[in-house]
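Visitor: Starting from these lines, generate the structure:
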Amino acid sequence: MHISLEGKVALVTGGSRGIGKAIAAGLVESGAAVMISSRKQDALDAAAAEIGGDVATFAANAGEPGAAEACVAATIERFGRLDVLVNNAATNPYYGPTLEVDRPRYDKTFQVNLAAPLFWSQAAYEAAFRDDPGVIINIASVGGLRAEAGLGVYNLTKAALIHLTRQLANELGPNRVVGIAPGLVETDFAAYLVEHFGEQLAAAMPLQRLGDPEDIANLAVFLASDKASWITGETYVIDGGAGVRSS
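Guide: Numbering: from 1, shown residues only. Prediction:
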């Protein structure tokens with residue numbers, strides 16, 4: 001199945017590394033022009049050079065007020081339109097018992113992981129999708145579907161993001177809103193989990209390996225395309241079969 005995104009423009013938050021960079025690269029490979037955003041301009045420049053193709057950059061903290069509107073406006077100014085928003089930026093400043101989290105780290109986790117996808121979606125809708133329906137892809141986590149030691153606060157945000165995906169799909173049709181819930185993927189963001197638990201977790205998976213960022217990117221490209229034109233409101237688990245064995 002050939003997937004073409006020729007003529008489409010996408011915006012990827014958290015696009016300078018890991019899953020976000022892989023998604024941006026996959027979108028470009030399929031013909032899209034892509035704006036990547038993250039906090040550090042040097043990291044964006046390096047990612048854009050590695051990805052190649054029609055890529056622009058916009059440095060912004062996804063959780064900061066005003067960042068979404070500014071980046072969406074810059075995307076439309078640079079490329080003339082916006083068709084796909086990928087809400088990928090995330091943070092996890094706290095690891096430990098849920099009841100022991102302090103307020104600043106709780107607030108930061110929710111600001112970046114939940115408020116940002118809502119307000120970036122709002123900005124994209126107001127500037128582009130209201131008149132020309134597009135696609136919003138929310139990168140959640142399998143943690144949003146289960147209880148898990150140490151990651152309770154992070155997983156709360158991802159559970160809410162899965163519901164936000166349903167809610168926005170219900171409200172914003174004919175725009176499509178879809179989610180992806182990765183399992184453990186080998187990225188800098190997940191370095192602690194990969195280092196301490198990766199080998200054990202991989203051995204317990206039916207597919208016997210952790211995820212690569214490109215695994216997630218392949219699904220994102222499909223969901224962004226017209227091949228997925230009757231899909232909305234769903235969040236797709238991609239975890240190497242880990243959920244099958246643990247259930």
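
Visitor: Please count neighbours and contacts with C-alpha atoms only from this point.
Guide: OK.

Visitor: how close does the residue nearest the centre of the chain sit to residue 220?
Guide: Nearest to the geometric centre of the chain sits residue 88, at 2.4 Å (CA atoms, centre = their mean). Remark: distance between residue 88 and residue 220 (CA to CA, to the nearest Å) = 11 Å.

Visitor: Over to residue 26?
Guide: Counting by CA to CA - residue 26 and residue 220 are separated by 8 Å.

Visitor: These two: which has the busier surroundings?
Guide: Of the pair residue 26 and residue 220, residue 220 is the one with more neighbours under other CA atoms under 10 Å, namely 24 against 21.

Visitor: Just to be sure, the more buried one is in a helix?
Guide: Yes - assessed with DSSP: H, G, I helix; E, B strand; the rest coil, residue 220 lies in a helix.

Visitor: Who are the contact partners of it?
Guide: By CA atoms under 8 Å, 6 or more residues apart in numbering, the contact set of residue 220 is 23, 137, 180.

Visitor: Just the buried residues out of the residues you listed, in ChimeraX syntax.
Guide: To isolate the buried members of the contacts of residue 220 in ChimeraX, using 16 or more other CA atoms under 10 Å:
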select :23,137,180
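
Visitor: circling back to that earlier point, can you give me phi and psi for the residue nearest to the centre of the chain?
Guide: phi -110, psi -30 (degrees, to the nearest 10).

Visitor: For residue 98, see how far away it is.
Guide: Taking CA to CA, one finds residue 88 at 23 Å from residue 98.

Visitor: and what of residue 54?
Guide: Separation of residue 54 from residue 98 (CA to CA) stands at 43 Å.

Visitor: next one: residue 59
Guide: Applying CA to CA, the value for residue 59 to residue 98 is 32 Å.

Visitor: Same check on residue 151?
Guide: In terms of CA to CA, residue 151 sits 8 Å off from residue 98.

Visitor: Ok, residue 189 next?
Guide: On the measure of CA to CA, residue 189 and residue 98 end up 20 Å apart.
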